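Trainee: dropping the sequence and predicted coords here.
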Amino acid sequence: MSTPSHVTIREVALRDGLQIESPIPLSAKLDMLAAIAATGVREVEATAFVSPSKVPALADAPELAAALSDYPDIEFSALVASPNGARRAIAAGFRSVEYVVSAADGHSRANVGRSSAEAAEQIADITAIARDAGVSVEVIISTSWDCPFDGPTPPQRVLDIVDAACEFGADRLAIADTIGTATPGRVTSLVAQVRPRIGDRPLGAHFHNTRGTGLASAWAAVSAGVTRLDSSIGGLGGCPFAPGASGNIATEDLVYLLRDSGVGVDIDLDAAIEAARVARTAVGHDLPSALLRAGDRLRG
């Protein structure tokens, strides 16, 4: 498998990045959105239509959605956890929704109150709702490598969800390292098992840098043929069910790695570093990004 010449980076700071933060004002989110848009990014995960009581940081999803029309060149998506969430996202104007299914029962029950198999069954309803509205659906398989409750995830559990997503008509899929435990060899192995089962559907990957292996895992995924990666400006974000698992891979760090490795991206590095500064101001604390701290070597 040859390394792709271009990788699409989806910015997830506004959803995954903010979900475990104390709620910030809508105005601060709009400042982040403007800075993110200035990077040239083509895809942004904007928010989630989930219970406001469970994720208060994203309770303003409809209000944020109303501002997205100011950025017609960006494809915005929203995460949903149920058919009702899908209906709400579509009603708010989203043309792309993401449905997360955990491959591990322990995480699935903690996150959505259902077993993994029960959550996978809802793929059918969500894709039907989206199809009727002309909306695309991505199924994201969380805890694809490890679960904070159940330990290592058997690859077959991931593959069963992949098969269900394809059967029910998902437009694309992604595998997610929810708690930041993946390492390159394990990533390569799982990608090799998933890709033959999805036909021509795009495959994405989502990594956290909790144990310092996020960027190495992302490069392993790209080297195995993955052409879509999630990241968050500043490395903002984390999993509420995994203490210490804070920090998506930082967008600017990922852009630096890919750019210097000859892989094309749509994101301007200087603008991404500036967006990370805006995010740091919005949340009011330091962020783990290496480039935010050290800068680009070409600007040294």
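Mentor: Sure thing, it's come through. What you see is a predicted model; the values in this text were computed from it and never measured.

Trainee: just the mean pLDDT for stretch 253-266, thanks.
Mentor: Mean pLDDT, stretch 253-266: 97.

Trainee: ok, and what's touching it?
Mentor: Here stretch 253-266 makes contact (Cβ atoms under 8 Å, 6 or more residues apart in numbering) with 3-9, 40-42, 215, 218-219, 222, 229, 231, 235, 267, 269, 272, 289-291, 296. Glycine gets a C-beta too; all of them are placed from N, C-alpha and C.

Trainee: mind checking which of these are buried?
Mentor: For the contacts of stretch 253-266, a burial check counting by 16 or more other Cβ atoms under 10 Å picks out 4, 7-9, 41, 215, 218-219, 222, 229, 231, 235, 267, 269, 272, 289, 291, 296.

Trainee: on that earlier part again, helices - which of the contacts of stretch 253-266 land there?
Mentor: Mapping the contacts of stretch 253-266 onto helices (DSSP state H) picks out 215, 218-219, 222, 269, 272, 290-291.

Trainee: please identify the buried residues of the lengthiest helix in the chain?
Mentor: Criterion DSSP H: the longest helix present in the chain is helix 116-133. Neighbour counts using 16+ other Cβ under 10 Å place 116, 119-120, 122-123, 126-127, 129-130 of helix 116-133 among the buried residues.

Trainee: tell me which of those residues is nearest to residue 177?
Mentor: Of all the buried residues of helix 116-133, residue 116 has the smallest distance to residue 177: 16.5 Å, by Cβ to Cβ.

Trainee: just checking, the closest one touches residue 100?
Mentor: No: with contact defined as Cβ atoms under 8 Å, residue 116 and residue 100 do not form a contacting pair (11.0 Å).

Trainee: what is the orientation angle of whichever strand or helix holds residue 174 with helix 214-223?
Mentor: For residue 174, the element it lies in under DSSP states H and E is strand 172-176. Orientation of strand 172-176 against helix 214-223 (axes from the mean of the first three to the mean of the last three Cα atoms, to 10 degrees) gives an angle of 150 degrees.

Trainee: strand 172-176 pairs with which strands, parallel or anti?
Mentor: The pairing partners recorded for strand 172-176 under DSSP bridges are strand 136-142 (parallel), strand 203-206 (parallel).

Trainee: hmm, who's touching the last one?
Mentor: It stands for strand 203-206. By Cβ under 8 Å, 6+ apart, strand 203-206 touches 10, 12, 16, 138, 140, 172-178, 187, 191, 194-195, 217-218, 221, 225-230, 248.

Trainee: buried ones among the residues you listed?
Mentor: The buried subset of the contacts of strand 203-206 - by 16+ other Cβ under 10 Å - is 10, 12, 16, 138, 140, 172-178, 187, 191, 194-195, 217-218, 221, 226-230, 248.

Trainee: name the residue closest to the centre of the chain, please.
Mentor: For the chain, residue 230 is the residue whose C-alpha lies nearest the centre (Cα atoms, centre = their mean; 4.6 Å).

Trainee: is the closest residue in space to it that isn't next to it in sequence in a bridge, and if so with what?
Mentor: Of all residues not flanking residue 230 in the chain, residue 206 sits nearest, at 4.1 Å (Cβ to Cβ, 6 or more residues apart in numbering). Beta-bridge pairing for residue 206 (DSSP bridges): residue 176, residue 230.

Trainee: where in the chain is pLDDT low?
Mentor: Within the chain, the stretches with pLDDT under 70 are 1, 243-246, 300.

Trainee: can you pull out the helices in it?
Mentor: Counting by DSSP H, the helices of the chain are 26-37, 61-65, 83-91, 105-112, 116-133, 155-167, 184-194, 214-223, 251-260, 269-283, 290-294.

Trainee: next, format these as TSV and append distance to residue 200.
Mentor: As requested, the helices of the chain are exported to TSV (distance: least, Cβ to Cβ, whole Å):
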stretch	distance to residue 200
helix 26-37	29
helix 61-65	30
helix 83-91	24
helix 105-112	28
helix 116-133	17
helix 155-167	11
helix 184-194	14
helix 214-223	18
helix 251-260	23
helix 269-283	30
helix 290-294	34
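
Trainee: of these, which is nearest residue 242?
Mentor: Comparison of the helices of the chain against residue 242 by Cβ to Cβ identifies helix 105-112 as nearest, at 8.7 Å.
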